[in-house]
Structures are given as structure tokens and as C-alpha cells.
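Asks: next come a sequence and a model predicted from it.
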Amino acid sequence: MSARRSTGRATSRRPPARRRARGPGRRRQRRDDHRLIGLLAAAVLALALVVTVVNWLLAHWWVPAAAAVLAALAGGGWFHRKRQRARWEQVRAQGLRYGLAQLDALHHARFEDAVRDLMHRDGCRDAVRVGGGGDLGADVKATDPYGRRWVIQCKHRRQGLAGSAVGTPDLQVLNGTARQVHGADVAVIVTNGRVTTPAVAFARQQRLHVVDRHTLAVWAAGSRPLWELLRAVPPPRRPTAS
């Protein structure tokens, strides 16, 4: 009888429950919770800081008002100085003059700058120097107030008339690229030296314009814009007030 009871007790016992191991999912959840708590704390601190700053500004309203006045004064001063510089630049450009001796003494690159500045003086606001290696015959480009596109090749001679003459090959380069490559309405070669007679004939045949030393002297003196000194310039592309 006792044996039966002991057997019954043995069969009625349950095996002890196993503890569940903490997997990676629970650890990740705890990290997310910590991160969320950190973000909430940072948000609360930022909100408290904003409230503190706003309350301080409300109590000291004259500080942002003074800052706004100072900023307005600084902006007005900057704008005034900018207008003054633009006005002086316009006066300087309108009064730009060169003598032949000045032009002769220039480096060839500075001679190109001078031609660009003269075009700008005459109203070509987009006048730009593009001379250098690979310029394909265009040292200066500009659009005049009448909408015509100018492409200018510069030939500077340090000795002036005593230097080497501009010949037909120079004009052939301009003729081959000014219209086809650069889209010129007016193709011009400018020199402070002399131009050969065959080169002048070639220019007339190909509708190119030559600014020799004499024409350059008149133009640089500031009497008239270049398009009033040249013959057979194309008609304006657009009407102007002048």
C-alpha cells in the first residue's frame, strides 16, 4: 500500500519550470526606451531654454529693437556705399581716355583690357576680355546698346608704327572664327600699329573692320563710340532710346 502511494506521488510531480533567457529583442527594446527618454529630456530642456529666452526678451524688449535699428543702419550704409561705388565707376568709365603713348607702353594683355574698357565705356555692359591660349581669334567680346554682337581681335605692337604690320593671315583667322564660332555681327581687328594694304583689301572683301592706329587714337580719346567711327556697320538689332 505504501509502495503504491510513493509511486503515485512520484508520477504526480511536475518538472521545474525553466527560466526564459533574455534575448536580444528585450535588450534592443531597453535601448530604444533609453533613447526615447533622452530625446524627451533634450526636448524639455530646449523648450525651457526657448521659454527663458522669450521671457528675457519680453522683459528687455529694447535689446532686439536696438539690434534691429543697428542692422537697418548697417544695411543702409552698405547699400549707400554700393551705390556710391557704382556711381563713381560709371563716372570713371565715361571719362576713360587713352593716349597712343599709353597704349604703346602696355603689355599685350593690358592692351586687351584697355579695348574691353573702351567698349564698356561706350555702353557695352557685357564687354569681356577672353584673350589667351585657345581664344580662337576673339580677344574681346561685347554687345553694344543696339544689340549687335562684337568680336574683336587685338594686335598690340610695342613699337607702334615701327612694329610689324598686321597682315592678311591675321585677318583670315578672324574671318574664320568670328561669325561661325563666336556669332559675331561685327568682326573687328584693333591695332596700335599699321596694317598692310592687302589686309585692308581683304577686310573690305570679307566685311571685316580694321581699327588702325589713327582710328584707335580717335576712339581712345573718347570723342565717339567705335560704331560711329567705322563704315558699313550692320544695322541695329533692336531699337533704343538714343
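Replies: Alright, I've got the coordinates.
Asks: could you dump the strand or helix carrying residue 109 to CSV, C-alpha only?
Replies: Following DSSP states H and E, one finds residue 109 within helix 108-121. This file holds the C-alpha atoms of helix 108-121, laid out as CSV (Å, rounded to 0.1, in the frame of the first residue of the first chain):
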residue,chain,number,x,y,z
HIS,A,108,49.6,92.9,-74.8
ALA,A,109,47.2,91.5,-72.2
ARG,A,110,46.7,95.0,-70.7
PHE,A,111,46.1,96.3,-74.2
GLU,A,112,43.2,93.8,-74.5
ASP,A,113,41.9,95.1,-71.1
ALA,A,114,42.0,98.6,-72.5
VAL,A,115,40.0,97.7,-75.5
ARG,A,116,37.4,95.9,-73.3
ASP,A,117,37.2,99.0,-71.0
LEU,A,118,36.7,101.3,-74.0
MET,A,119,33.8,99.1,-75.2
HIS,A,120,32.3,99.2,-71.7
ARG,A,121,32.7,103.0,-71.7
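Asks: what lines up beside the helix or strand following that helix in the sheet?
Replies: Per DSSP H and E, the first helix or strand lying C-terminal to helix 108-121 is strand 128-129. Sheet pairing of strand 128-129 (DSSP bridges) gives strand 140-143 (antiparallel).
Asks: on that earlier part again, chain center to the helix holding residue 109: distance?
Replies: Here helix 108-121 is found 20 Å from its chain centre; the criterion is C-alpha atoms, centre = their mean, to the nearest Å.
Asks: what residues does it touch?
Replies: Helix 108-121 is contacted from outside by 93-94, 96, 98, 103, 106, 127-129, 131, 139-140, 142, 144, 150, 152, 154, 156, 190, 192, 219-220, 222, 226, using C-beta atoms under 8 Å, 6 or more residues apart in numbering. In this view, the C-beta of every residue, glycine as well, is placed from N, C-alpha and C.
Asks: tell me how far the ends of stretch 201-215 are from each other?
Replies: Start and end residues of stretch 201-215 are separated by 17 Å (C-alpha to C-alpha, to the nearest Å).
Asks: with residue 127 as the reference, measure out to residue 144.
Replies: 9 Å (C-beta to C-beta, to the nearest Å).
Asks: more neighbours: the two, which one.
Replies: residue 144 (24 against 21; other C-beta atoms under 10 Å).
Asks: what's the closest non-adjacent residue to that one?
Replies: Ranked by C-beta to C-beta, 6 or more residues apart in numbering and with sequence neighbours excluded, the top spatial neighbour of residue 144 is residue 124, at 5.3 Å.
Asks: again, but for residue 187
Replies: In space, residue 187 is closest to residue 178, 3.5 Å off (C-beta to C-beta, 6+ apart).
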